[in-house]
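[1] here are the coordinates; sequence isn't available:
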């Protein structure tokens, strides 16, 4: 499985932007970069995904490096509700389509009031 | 917004007993999954199900586990003879292949 590397934990102040990094130096050309998060005592929740271009949705933005070996999930204005474990996951979207999701340890994001 | 639902939210059972965990996936989804998370550990894939059969299963999913889609709406996970180490949160998910998966809130299984 293609692997990602994320910091174990990060802290941010409420109402400030948060940049969550992810390294994936062995990414293949058909791997999509997906982000999920898991709020306390809840199931994982889809956040965003992309292939090459930066992506925005109502929850977050995904900035993908030009060489695709790293990406950053951006929460524009963190709230206490954004405290969660954030998972960066590579999923093959073409010939060798991945069905299951392989979760790593993710980054535990703490939001300080 | 449609969501995956799971029942019960908490199940307590004695070791050796059978349990059935129930899930109602999102109605137009074709792929169904079970994952589990032992307290303090990673979310682990158990099994994927498509077209009324298992498409992939992990090493965890041994002969004690089975899945079924009995009536076109429910998706169940059965553990035939529970062990202490089966205590975990069990998450059902649904989606379409290589696309977003939508997870339920989970069932906490406690085996005594």
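    Yep, that arrived. These figures come from a predicted structure and were not determined experimentally.

[2] Show me which residues of chain A are close to chain B?
    A:32, A:34, A:38, A:42-46, A:49, A:91-93, A:97-105 (CB under 8 Å from any CB of the partner chain). C-beta: built from backbone N, CA, C; applies to glycine.

[3] Would you mind checking those for buried ones?
    Burial by neighbour count, judged by 16 or more other CB atoms under 10 Å in any protein chain shown, picks out A:32, A:34, A:38, A:43-44, A:46, A:49, A:91-93, A:98-104 from these.

[4] Residue B:53 pairs with what?
    Bridge pairing for residue B:53 (DSSP bridges) gives the partners residue B:50.

[5] And the strands in chain A, which stretches?
    Taking DSSP state E, the strands of chain A run over residues A:9-13, A:18-23, A:31-38, A:45-50, A:55-56, A:61-64, A:70-75, A:84-92, A:107-112.

[6] can you redo the ones you listed as TSV with mean pLDDT?
    Shown next, in TSV, are these (pLDDT from 0 to 100):
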stretch	mean pLDDT
strand A:9-13	96
strand A:18-23	98
strand A:31-38	95
strand A:45-50	95
strand A:55-56	95
strand A:61-64	98
strand A:70-75	98
strand A:84-92	94
strand A:107-112	97
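
[7] To residue B:10, which of those strands lies closest?
    strand A:31-38 (18.2 Å; CB to CB).

[8] So what's the gap between the closest one and the chain middle?
    Remark: strand A:31-38 is offset 5 Å from the chain centroid, using CA atoms, centre = their mean, to the nearest Å.
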